[in-house]
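Asks: Provided below are the primary sequence and the corresponding predicted coordinates.
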Amino acid sequence: MVERRLVTIGASAGGVQALVKLVHGLPSELGATVLVAMHLSPDVPSHLATVVGRATDMPTVFASDGMPLAAGTIVIAPPGAHMLLNDGTVSLSSGPKEHGERPSIDPLFRSAAATYGRSVIGVLLSGSLDDGVAGLAKIVAEGGTAMVQSPEDAIHPSMPLQALRRVQVEESLPADELGRAIGMRISEKELAMSLHEGGPVGGPDEAAIEEMPKDASTGLTCPACGGAIWELRNDGVTVLRCHVGHSYGLESFAEAQSDETEAALWEAIRALEERRALLMRMADSADRSSRTLSAGQLRDAAADLDAKADKVRRLVELLLAPGGPLDAAAVRPIAVDAS
């Protein structure tokens, strides 16, 4: 049995600035490993470890598969991989995206909660939609501590707001105060609990993906793979998941569905415009063959398609306008309420 304390941090849009401020406030001799999951594109080289490392004397590195956890070290999930925990080491997973992201925050939080229980502090910083909320609820359910960046301090307050609505959060502070608050928690040894025997190899929820409740099917389909979506209620937070393992909160699902619908509408416009272009080529060919009547009919049909494509385009722009039915921002919370 090994005593180990963890600080798990999740961030998305606007999270770099918040993370730098938090890390700057951490004590240099921190008796815990700090694990960070931030939405990073796999298509762009990331310098996040370097940027964060400038704010602290603690070693700051991107995670590698199998690396051991060490107190006083900041470990960041690399682009394109979920970061999970397995009996004192880090596991990197290329499993299904969650909330449309890999790395996602929820897999790290779930894995930490299942493996280290009450020894975990979970922190949500600035970000859009609701990644990390279900994982933070899991940390609390296992006896850990939840903290969030105060929404008024966050560039994008959605993730902290969703956590405050749905999770028993113990601290809501500006980013530059969170580091000091975390250090005090750890120095008081409120989280000094023994490591659970063993630990998840691939993340605590991944093994149960095939066993969906029969009465929880929603009739919805997964925006990522087209599979059936089930609604699960985990630790008081609603999660939408397909058999493959793509997972969403309600807000991230709504945005992914909106993106899918937008893509389908633009595809319809593309098909109409390609059909019009083909008819015009056929009309030109008919002209060259002195089939004037056929050429005129083809051009009339092309003009009709052009008018219809223009109507569809204007409808799509109306649907996508701010406040319109397909405006993804409309699903994001703007205030904390009691609902």
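Replies: Nice, thanks for sending it over. Residues are numbered from 1 along each chain as shown.

Asks: packing partners for the helix or strand hosting Ser258?
Replies: Counting by DSSP states H and E, the secondary-structure element that holds Ser258 is helix 250-288. Contacts defined by 3 or more C-beta pairs under 8 Å, 6 or more residues apart in numbering; DSSP states H and E place helix 250-288 against strand 237-242, helix 292-320. Where you see a C-beta, it was placed from the backbone N, CA and C, and this is true even at glycine.

Asks: what's the offset of that helix from the middle of its chain?
Replies: 29 Å (C-alpha atoms, centre = their mean, to the nearest Å).

Asks: mind listing what Val16 touches?
Replies: Listed by C-beta atoms under 8 Å, 6 or more residues apart in numbering, the contact set of Val16 reads 38, 48, 51.

Asks: so for the residue lying closest to the second one once chain neighbours are set aside, what's the pLDDT?
Replies: What it means is Leu48. Of all residues not flanking Leu48 in the chain, Ile76 sits nearest, at 5.8 Å (C-beta to C-beta, 6 or more residues apart in numbering). Looking at Ile76, its pLDDT reads 97.

Asks: also the one 5 residues further on?
Replies: Turning to Ala81, the model gives it a pLDDT of 95.

Asks: that one and Ala37, how far apart?
Replies: With distances taken as C-beta to C-beta, to the nearest Å, Ala81 is found 10 Å from Ala37.

Asks: now do the shared contacts for these two.
Replies: Contacts common to Ala81 and Ala37, judged by C-beta under 8 Å, 6+ apart, are Pro103.

Asks: hang on, the earlier thing: the residue nearest to Leu48 reaches Met58, doesn't it?
Replies: No: in this structure, Ile76 is not within contact of Met58 by C-beta atoms under 8 Å, at 11.9 Å.

Asks: hang on, Ser91 in a strand?
Replies: Yes: the assignment for Ser91 (DSSP: H, G, I helix; E, B strand; the rest coil) places it in a strand.

Asks: so what's it bridging to?
Replies: Note on Ser91: beta-bridge partners by DSSP bridges are Leu84.

Asks: can you check the pLDDT for it?
Replies: For Ser91, pLDDT reads 94.

Asks: same deal with Leu326?
Replies: 69.

Asks: re the thing from before, what about Ile76 and Met58, which has more around it?
Replies: Neighbour count, other C-beta atoms under 10 Å: between Ile76 and Met58, Ile76 has more, with 24 against 19.

Asks: shouldn't Ser217 be in contact with Trp230?
Replies: Yes: between Ser217 and Trp230 there is a contact at 5.7 Å, judged by C-beta under 8 Å.

Asks: quick one: pLDDT of the closest residue in space to Arg118 that isn't next to it in sequence?
Replies: Excluding its sequence neighbours, the residue lying closest to Arg118 (C-beta to C-beta, 6+ apart) is Gly143, at 3.5 Å. Gly143 carries a pLDDT score of 93 in this model.

Asks: do you have the helices of the stretch 1-150 of the chain handy? List them.
Replies: Ranges of helices within the stretch 1-150 of the chain are 15-24, 48-53, 105-116, 133-141, based on DSSP state H, counting those that start in this stretch.

Asks: all strands of the stretch 51-200 of the chain, in order?
Replies: 60-62, 74-76, 82-86, 89-93, 120-124, 145-149, 171-173 (DSSP state E, counting those that start in this stretch).

Asks: okay, the ones you listed, which one's buried deepest?
Replies: Using mean count of other C-beta atoms under 10 Å, the stretch among these with the largest mean neighbour count is strand 120-124, at a mean of 31.

Asks: so that one versus strand 145-149, what angle?
Replies: Orientation check (axes from the mean of the first three to the mean of the last three C-alpha atoms, to 10 degrees): strand 120-124 against strand 145-149 gives 20 degrees.
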